[in-house]
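Colleague: Model the following, please.
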Amino acid sequence: MPVLTITALAATLVGTATRVSGSGVLYALRRDPTELAHGQLWRLVSPVLVQSDRSWWAIAGVFLLCAAIGVVGERLLPRAEWALLYLIGALTGHGIGEFFQPHQSGMSVAFVAILGGIAAHALIRPEGVPWQWRARFAALIPLALLDTALRDIHGAPFLAGLVAGVLFEMHARRALEQTRTHSAPA
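Modeller: You can find the predicted model right below:
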């Protein structure tokens, strides 16, 4: 059961649904450089709780893509890593969004960091991952750099998730090597 994915999507669904009765919650949670400068630090994370897209079709598409990424992430990654990647994505995406795309919000940046973690997993542990998927994940790296250069907010969270994923994989390898070393007969 993808508990983390369901929880994240449900929280954003509730926040987004409040838009039916007005924009008050959206304005309180979205990115706002002026309010951030006045100490409202929660605006680095709170934008994941409401989608600012105008089209309900666009919102549905974001939910479907995030659900797919989240479920795959929960199958491949430990829950603590998944949650940390989600937080890294929110902080990175909405942090850069304060400059690139102020007064917006959404959860996609958090899930893009999870995608970066999945990419790290697939590139570092290639066993069982078809070469076509490894090639796609590798191709996302220069695309994420270009995306960031073009002032979109999704490239940086992907790259942050990729770096975090590489660090997670290196830590897991080190722990496995230490276990093997300590359990080897003398």
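
Colleague: For the helix or strand bottoming out on mean pLDDT in the chain, name the packing helices and strands.
Modeller: For the chain, counting by mean pLDDT, DSSP states H and E, helix 155-183 ranks last in confidence among helices and strands (a mean of 90). For helix 155-183, the helices and strands in contact under the criterion 3 or more CB pairs under 8 Å, 6 or more residues apart in numbering; DSSP states H and E are helix 79-100, helix 108-124, helix 131-149. Heads up, the C-betas are built off the backbone N, CA and C, glycines and all.

Colleague: And A17, which helix or strand is it part of?
Modeller: helix 3-17 (DSSP states H and E).

Colleague: Show me what that helix is packed up against.
Modeller: Secondary-structure packing of helix 3-17 (3+ CB pairs under 8 Å, 6+ apart): helix 56-76, helix 79-100.

Colleague: Most tightly packed of those?
Modeller: Per-residue neighbour counts averaged over each of the helices and strands packed on helix 3-17 give the maximum for helix 79-100, namely a mean of 21 (mean count of other CB atoms under 10 Å).

Colleague: which residues does the residue lying closest to L146 once chain neighbours are set aside contact?
Modeller: Once its chain neighbours are removed from consideration, L146 has its nearest residue in G155; the separation is 7.0 Å (CB to CB, 6 or more residues apart in numbering). Residues touching G155, when contacts are defined by CB atoms under 8 Å, 6 or more residues apart in numbering, comprise L143, A144, L145, L146, D147, T148, A149.

Colleague: Ok, G73 next?
Modeller: In this structure, G73 makes contact with T5, W82, L85, I114, L115, G117, I118, judged by CB under 8 Å, 6+ apart.

Colleague: which parts of the least confident helix or strand of the chain are buried?
Modeller: By neighbour count with 16 or more other CB atoms under 10 Å, helix 155-183 contains the buried residues 155-162, 164-166, 168-169.
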